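J.: Test case, fold it:
(one chain, ligands or ions: 1)
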Amino acid sequence: MSQSSPFFNRWLSQFGPDHVIAVLTDLLDAGAVFAVDQHGKILFWSKGAEKLFGLPAEAVLNQPCNAALDCAEGHDPCGLAEQGQIKAQLVHIKAKHGSNTISCYRTARAFFDATGQFAGALEFMQPQSISNKVDDSASFHGILTQDPLMLEAIKIIRNVSETEATVLIRGESGTGKELVAHALHLESARCDRLFLAVNCAALSPSLLETELFGHVKGAFTGAIRSHAGLFQRANGGTLFLDEVAELPLELQAKLLRVLQEQSFLPVGGDEVINVDVRIIAATHRSLREEVKAGRFREDLMYRLRVVPIFLPPLRERRLDVNLLLWHSINQRNIQGIRHITSIAPDAIRCLLDYAWPGNVRELINVVEYAFAVGRGHELRLDELPPEFREAPAPPTSTTPGPNSRRNHSNEAEQIKAALTATNGDLEAAAQSLGMSRATFWRKRKKYDIA
Ligand SMILES: Nc1ncnc2c1ncn2[C@@H]1O[C@H](COP(=O)(O)OP(=O)(O)OP(=O)(O)O)[C@@H](O)[C@H]1O
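T.: Numbers count the residues shown, from 1 in each chain. You can find the predicted model right below:
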């Protein structure tokens, strides 16, 4: 489908495509955009490129790209003509006559003329360290971290993605389990096939069964046509089963069969469907404990946790709080409504001491809140959500807090307060606490909150 309306060209010609492209690339403040012709000569050099490489447009326009930039990985013309496109390749670039080497993710797309000859390219360079407030950050398919345990998890993902092993990710809500599962898919040989996700806690057992395995026409009242389930739709790709510990026992048996035999029966069907799907599962619970309590099949646990990956909660990753705060701030700065360049000392102390029950999802919401309610270049304490000012921050602790009674009662109180504040609007209440709907539902059930 076309990406533009038939009126786009007319609209474009009013302002001139060069002006519109300049405005568009200015919006990508955090990166450099440039275009080269078929000989590699620079035809367009964005403001972001001027800023990133310290080279004004006049100095580089009509110059060959390799006369302006030295790329440590570079071959001429950068492999683009052969590959057609390059996606997030890490390159180390130095502006000619410059002294600093800049690590960037390079994404580029070549154009070819009617005879198939290379006709030029558009390139986007995003600096690896997206904020000058943080150094040594690692970004891996959108996962930002400086935490040793998280870096260890990334190492495991890189290695395990080359295999077909089943992976079980454990971590609290909002720690990035789905992001990690997606990264694993993108690193694997299945990356060009579908990645589908389902939250096993969010659906009733019967709905979950039809969602996973599909149903045939007439399987139950209302099944007026057959429906392909997630396993069938993800064939060749990856299926992410979030909150797998919530899977009812009868569905656990069916899942075990798919894992063992790569086949299943749709609801109401009598014909076996064969599939080739990689399963990545996640849970915030200990599956061993669930097995002990008789709620989870031991054989399925062993099948799922061939490679376990643990994601620590955000309160145990102080370095990441700063990194992710600045990442979220920079992302919003780009939108231009407000430009935050510093965080007041009392605000940053509060942010670093906070227990982050909703982990990274909550942190993103806190930044969104500050952008919504505050103005000016400094993020101030009174621009943080009420819980930062009203409740005293829990003591900094490296021992796991999520299971402590204190945190439990805090959490139950927070959920009740959020429900009152939003007049019982579940979606809004979950969002205000930085929780997904499923997590919010599960926690309400756990604390018996109507
Ligand atoms: N290390 C990280 N770097 C950047 N963004 C992150 C990171 N971890 C999490 N996020 C972001 O935080 C949000 C929540 O992450 P995600 O949905 O993967 O968490 P989850 O553990 O699967 O949560 P839930 O169990 O509630 O579904 C997403 O917007 C995700 O992009």
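J.: and the stretch 51-200 of the chain, which residues reach the ligand?
T.: 142, 143, 144, 145, 171, 173, 174, 175, 176, 177, 178, 179 (C-beta under 6 Å from any ligand atom). Quick note: C-beta positions are derived from backbone N, CA and C, even for glycine.
J.: How about the fourth one: which residues does it bridge to?
T.: Here residue 145 shows beta-bridge partners residue 138, assigned using DSSP bridges.
J.: can you tell me which of the residues of the stretch 51-200 of the chain next to the ligand are in strands?
T.: Residues from those lying in strands, with DSSP state E as the criterion: 143, 144, 145.
J.: ok, the residue of the stretch 251-400 of the chain found nearest the ligand - contacts?
T.: In the stretch 251-400 of the chain, the residue that lies nearest the ligand is residue 360 (3.5 Å; C-beta to the nearest ligand atom). Neighbouring residues of residue 360 by C-beta atoms under 8 Å, 6 or more residues apart in numbering: 174, 175, 176, 314, 324.
J.: Look up the closest residue to the second one, ignoring the ones flanking it.
T.: The shortest distance from residue 175 to any residue other than its chain neighbours is 4.2 Å, reached at residue 311 (C-beta to C-beta, 6 or more residues apart in numbering).
J.: rewinding a little: quick one: which of the residues of the stretch 51-200 of the chain next to the ligand is nearest to residue 229?
T.: Among these, residue 178 lies closest to residue 229 (C-beta to C-beta), at 19.5 Å.
J.: Just want the residue of this structure that's nearest the ligand.
T.: The nearest approach of the chain to the ligand comes at residue 176, 2.7 Å away (C-beta to the nearest ligand atom).
J.: Can I get the residues of the stretch 51-200 of the chain next to the ligand in CSV including pLDDT?
T.: Listed next are those as CSV, based on pLDDT from 0 to 100:
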residue, pLDDT
142, 89
143, 92
144, 92
145, 90
171, 95
173, 92
174, 94
175, 95
176, 95
177, 95
178, 94
179, 94
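J.: how about the contacts of residue 360 in CSV, adding neighbour count?
T.: Formatted as CSV, the contacts of residue 360 follow (neighbours: other C-beta atoms under 10 Å):
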residue, neighbour count
174, 26
175, 26
176, 24
314, 26
324, 24
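J.: contacting residues for the residue most central in space within the chain?
T.: With distances taken as C-alpha atoms, centre = their mean, the chain has residue 179 as the residue nearest its mean C-alpha position (4.3 Å). Counting by C-beta under 8 Å, 6+ apart, residue 179 touches 141, 142, 143.
J.: By neighbour count, which of those wins?
T.: For those, neighbours were counted using other C-beta atoms under 10 Å, and residue 143 has the most, 19 neighbours in all.
J.: quick revisit: what's the closest of the ones in strands among the residues of the stretch 51-200 of the chain next to the ligand to residue 331?
T.: residue 144 (11.0 Å).
J.: Next to the ligand, which bits of the stretch 351-450 of the chain? Give me the list.
T.: Going by C-beta under 6 Å from any ligand atom, the residues of the stretch 351-450 of the chain near the ligand are 360, 361, 364, 436, 439.
J.: Show me what the strand or helix carrying the last one is in contact with.
T.: Assigned by DSSP states H and E, residue 439 belongs to helix 437-447. If you take C-beta under 8 Å, 6+ apart as the criterion, helix 437-447 is touched by 173-174, 199, 201-202, 242-243, 246, 284, 408, 411-412, 415, 426-427, 429-430, 433, 435, 449-450.
J.: Please check these and keep the buried ones.
T.: 173-174, 199, 201-202, 242-243, 246, 284, 411-412, 415, 429-430, 433, 435 (16 or more other C-beta atoms under 10 Å).
J.: Now do the contacts for whatever residue is furthest in space from the centre of the chain.
T.: The C-alpha centroid of the chain is most remote from residue 115, which lies 39.5 Å away (C-alpha atoms, centre = their mean). With contact set as C-beta under 8 Å, 6+ apart, residue 115 has no partners.
J.: can you start the count at 32 instead of 1 from here on
T.: Got it, first residue is 32 now, which makes that one residue 146.
J.: so it sits in a helix?
T.: No: under DSSP: H, G, I helix; E, B strand; the rest coil, residue 146 sits outside any helix and is assigned coil.
J.: Show the pLDDT at it.
T.: pLDDT, residue 146: 85.
J.: same thing with the one 4 residues further on?
T.: In this prediction, residue 150 carries a pLDDT score of 89.
J.: before we move on, back to that, how about the helix holding residue 470 as PDB, C-alpha atoms only?
T.: Below are the C-alpha coordinates for helix 468-478, written out as PDB (Å, rounded to 0.1, in the frame of the first residue of the first chain):
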ATOM      1  CA  ARG A 468      -3.300  -4.400  31.700                       C
ATOM      2  CA  ALA A 469      -2.500  -8.000  32.300                       C
ATOM      3  CA  THR A 470      -0.100  -7.300  35.100                       C
ATOM      4  CA  PHE A 471      -2.600  -4.900  36.700                       C
ATOM      5  CA  TRP A 472      -5.400  -7.600  36.500                       C
ATOM      6  CA  ARG A 473      -3.100 -10.200  38.000                       C
ATOM      7  CA  LYS A 474      -2.000  -8.000  40.900                       C
ATOM      8  CA  ARG A 475      -5.600  -7.000  41.600                       C
ATOM      9  CA  LYS A 476      -6.400 -10.700  41.800                       C
ATOM     10  CA  LYS A 477      -3.400 -11.300  44.000                       C
ATOM     11  CA  TYR A 478      -4.400  -8.600  46.500                       C
END
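J.: Do me a favour and average the pLDDT over that helix.
T.: Helix 468-478 shows a mean pLDDT of 75 in the predicted model.
J.: Name the residues of that helix that come out as buried.
T.: Buried residues in helix 468-478, counted by 16+ other C-beta under 10 Å: 469, 470, 471, 472, 473, 474, 475.
J.: so where's the stretch 182-331 of the chain uncertain?
T.: Low-confidence segments of the stretch 182-331 of the chain, defined by pLDDT under 70: 250.
J.: Buried residues of the strand or helix carrying residue 237, list them for me.
T.: Using DSSP H and E, residue 237 sits within helix 236-244. By neighbour count on 16+ other C-beta under 10 Å, the buried set for helix 236-244 is 239, 240, 241, 242, 243, 244.
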